[in-house]
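J.: compute the structure for the input listed below.
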Amino acid sequence: MTLEVGSPVGGLAAPIAEVPDPVFSQAMVGPGVAVKPEGGSGDAVAPIAGTVATLHPHAFVVASPEGPAVLVHLGIDTVKLKGEGFTLHVAKGDQVAAGQPIVTWNPTEVESHGYSSICPVVALDIAADRLADLREDGQVDAGDPLFSISA
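T.: Numbers count the residues shown, from 1 in each chain. Next up is the predicted model:
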């Protein structure tokens with residue numbers, strides 16, 4: 001079983017080590033890839049199909065039926081915005097399809113508050129050697145593959 005993880009946003013793919021937060025850059029929550037979003041307001045979409053396990057305005061987790069769960073964090077320290085500028089389109093417990101809009105947000109607005117808009121996309125509770133096909137550079141559109149998780 002291989003689970004393909006898509007980009008939640010369009011932008012530039014980057015190694016997780018480039019995230020300006022040690023919790024992510026040192027893979028403390030899990031391995032993954034980061035995306036530096038480009039453009040203004042847009043939707044962050046589900047990276048995989050599954051159940052919305054955790055939902056905050058600035059972050060969400062989708063758990064796949066096969067087990068692996070993927071965390072998407074919209075920017076760094078964006079919890080300090082207290083939801084301002086984020087519009088949720090789903091509820092915790094909802095079933096979502098890969099590519100389905102989860103949150104509308106504006107990376108430019110996040111940056112105007114002095115926060116990084118980079119988006120870590122992290123496989124939770126997975127060893128790094130289970131990730132393959134990591135896309136750590138180049139342009140990606142929302143939904144484009146970032147990495148895959150093997151069984």
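
J.: buried residues in stretch 142-151?
T.: Ala142, Gly143, Pro145, Leu146, Phe147, Ile149 (16 or more other CB atoms under 10 Å). C-betas here are computed from N, CA, C, even on glycine.

J.: what about the residues you listed, which are in strands?
T.: Secondary structure from DSSP state E places Pro145, Leu146, Phe147, Ile149 of the buried residues of stretch 142-151 in strands.

J.: redo the buried residues of stretch 142-151 as TSV? Include pLDDT.
T.: Shown next, in TSV, are the buried residues of stretch 142-151 (pLDDT from 0 to 100):
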residue	pLDDT
Ala142	96
Gly143	97
Pro145	97
Leu146	98
Phe147	97
Ile149	96
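
J.: pick the one among the residues you listed closest to Gly75.
T.: Ala142 (15.8 Å; CB to CB).

J.: ok now do that closest one, which residues does it touch?
T.: Ala142 makes contact with Gly6, Ser7, Pro8, Val9, Gly10, Gly42, Asp43, Ala44, Val45, Gly99, according to CB atoms under 8 Å, 6 or more residues apart in numbering.
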